[in-house]
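Undergrad: Turn this into a model:
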Amino acid sequence: MVELKDELKAKLVEIDGKMEELRREIVVLAAQKSAFETVIRVYDPGFELAAPPSKARRASSRETASGRVTELLKGKNNRHIVLDILRRLGKPTTTAEIAERFASEADLGSEAVRVESALTSRFSATLNGLVKQGLVRQAGTAEDGRRHLWEISR
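TA: This next block holds a predicted model:
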């Protein structure tokens, strides 16, 4: 056990070193990029740097899904939704299954797939609160061994 702990600590130091090296490299590359842009603008005053594939575009679709989920859940009680679905299913269920059930019952059609991840995230937070209140509990893990199964506390 001590050897594993020491190996993990050594790996952590190694990772920190690599991250610091990458940070230094980013600074150098950013300076080079700026210099190239400056020279290019001398020869081509109308030059505009093409926007790299942006995280903002990906985030905007997530934000849209999240906004849609907010709209779907507006005026509803997440706790009641989750507890109702768990009661009706009557078996240990993953958060994703709860989200799928809600999406199918909300009759979202093709939009369901797009919002299920945001629903899962929202219901995960709800489930954590319900655990603290003693209303639900973890009932093991799904077959993949990674996702929790939830059930109503008896």
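
Undergrad: Look at the most centrally placed residue in the chain and report its pLDDT.
TA: By C-alpha atoms, centre = their mean, the chain has its centre lying nearest to residue 121, at 7.0 Å. Here, the pLDDT recorded for residue 121 equals 88.

Undergrad: distance of it from residue 115?
TA: 10 Å (C-beta to C-beta, to the nearest Å). Every residue, glycine included, has its C-beta placed from N, CA and C.

Undergrad: Residue 99 - that's part of a helix, no?
TA: Yes: using DSSP: H, G, I helix; E, B strand; the rest coil, the assignment for residue 99 is a helix.

Undergrad: That one: how many residues sit nearby?
TA: Here the number of neighbours of residue 99 (other C-beta atoms under 10 Å) works out to 24.

Undergrad: Use 714 as the first number for this chain going forward.
TA: Done: numbering now begins at 714, and the last item shifts to residue 812.

Undergrad: Skipping adjacent residues, who's closest to it in space?
TA: residue 832 (3.8 Å; C-beta to C-beta, 6 or more residues apart in numbering).
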